[in-house]
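In: just the structure for this:
(chains A and B)
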Amino acid sequence: MAVKKSLRTRLRYIEFQLLSAQPVSEGVEDRLRVHLQKSLGMHNAPKLKLLSFDKECKGLLRCDAGSFVAVRQALLFLYDKDYRIKLLKSSGTIKSLSDEE
Amino acid sequence: MSNYFDFHVNFDWKNFSLEGYSKVFFPNIISGGNRYDPNKVNIAYVGDPEKPLPPKYDLVNFRGFAVNIDKLAVMREKGRAVEVCVSDVKQALNGGRIHQARFFCSALHSYRVPFVLTSGASTIYEVKSPKEMAFIGEMLGFTQKEALNSMSETASEILGDKGWQ
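Out: Reported below is the predicted structural model:
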C-alpha cells in the first residue's frame, strides 16, 4: 500500500570527505554510528546508512530529514589531531548531489 | 563578502584562505604571569572567580565555562569580548559537560556579552571553516548569523581597536 506523500519519511543525503594522516581502514560506517550514538544518545540516535565510501575517502551518508541538523553537528565533532570529517554538500536527493559534480 | 578571522590557532596554518578565512592568529595566552603583548591577540584565561580580570586583554576565556555574572557584566559595560573555543567545547563534550558549555553560551546571550568563536586548532585536522563554526554555534544556542558575525564583525572591531585594520 502506497504511503501518503505527506507521511513519507523524508531523507537527507550528506556528502563528506574523511581527511586523515593515516590510511583509512574498513569500518567507517561502524565508527560513524558509534560516534553518533555517543553524541546523540540512545533516545535520539538517528537512522543512518553509509551509501558509498570511495578510495578518495569521499562518502555519502543517508539520514532522515528530522535528525539532519543533529547529525551534521555531531559529525563536526568527529575529529582528532590526525583525522577530520569535512562536510561537502547535503541535499534531499542523490541526483542533485551527483549533478552538481 | 565578509572577512572572517580565527583568533586562536596554535600552529603555522598557511592555507587558511582555502577554508574561507581572511587571517588567523597565533595568540598570546595571558595566565600565570604572562603579560600583554601588543603585537599579538591577547587571550586572558580566567579560572579563579576570586581573582580580578587582568588590566589589559583582547579576549577573555573562562576556563571550564564557569559563569561569573559580575565579570560578564563588567565585560559588557566595557564592550570586551569572550572567547568561545571549539576545542574547549569538544573537551566538554567528551567529558560529559556539554550542558555547562551550553549554559555558559546562553548566559552570554542573555547578558548580551560580545563573543568570538575560535577553533583552538593545533593541527590542520582540527581547523573548521566559518560555515562549520556557524553550525557549532547553532549547537551552542546561537543563531548561525550571530556565530558568523562573531568571527567577522566582532573580530574586526577588536582588530580595529588594536589599530590593525
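In: for the rest of this, base every contact and every neighbour count on C-alpha atoms.
Out: Fine.
In: host element of the spatially most central residue of chain A?
Out: Taking Cα atoms, centre = their mean, the centroid of chain A lies closest to A:L61, which sits 3.4 Å from it. Using DSSP states H and E, A:L61 maps to strand A:58-64.
In: how far does that strand sit from the chain's center?
Out: Using Cα atoms, centre = their mean, to the nearest Å, the distance from the centre of strand A:58-64 to the centre of the chain it belongs to is 4 Å.
In: and the helix or strand that that strand is followed by with strand A:58-64, angle?
Out: Where DSSP H and E defines the elements, the next helix or strand beyond strand A:58-64 is helix A:68-76. Comparing the axes of helix A:68-76 and strand A:58-64 via axes from the mean of the first three to the mean of the last three Cα atoms, to 10 degrees yields an angle of 140 degrees.
In: for helix A:68-76, buried residues please.
Out: Along helix A:68-76, the positions that meet the burial threshold by neighbour count (16 or more other Cα atoms under 10 Å in any protein chain shown) are A:68, A:70-76.
In: got a list of contacts for that helix?
Out: Contact with helix A:68-76 is made by A:12, A:35-36, A:39-40, A:46, A:63, A:85-87, B:132, B:135-136, B:139, as judged by Cα atoms under 8 Å, 6 or more residues apart in numbering or on different chains.
In: any low-confidence regions in chain A?
Out: Counting by pLDDT under 70, chain A shows low-confidence ranges at A:1, A:100-101.
In: about what we covered before: can I get the buried residues of helix A:68-76 in a markdown table including distance to B:K128?
Out: As requested, the buried residues of helix A:68-76 are exported to a markdown table (distance: Cα to Cα, whole Å):
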| residue | distance to B:K128 |
| --- | --- |
| A:F68 | 19 |
| A:A70 | 17 |
| A:V71 | 17 |
| A:R72 | 13 |
| A:Q73 | 12 |
| A:A74 | 14 |
| A:L75 | 12 |
| A:L76 | 9 |
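In: need the residues of chain A near chain B, please.
Out: Taking Cα under 8 Å from any Cα of the partner chain as the measure of proximity, chain A contacts chain B at A:19-20, A:72-73, A:76-77, A:79-84.
In: can those residues go into a markdown table with extra columns for distance to B:G120?
Out: Compiled in a markdown table, the residues of chain A next to chain B are given as follows (distance: Cα to Cα, whole Å):
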| residue | distance to B:G120 |
| --- | --- |
| A:L19 | 19 |
| A:S20 | 19 |
| A:R72 | 20 |
| A:Q73 | 18 |
| A:L76 | 14 |
| A:F77 | 13 |
| A:Y79 | 13 |
| A:D80 | 12 |
| A:K81 | 12 |
| A:D82 | 15 |
| A:Y83 | 16 |
| A:R84 | 15 |
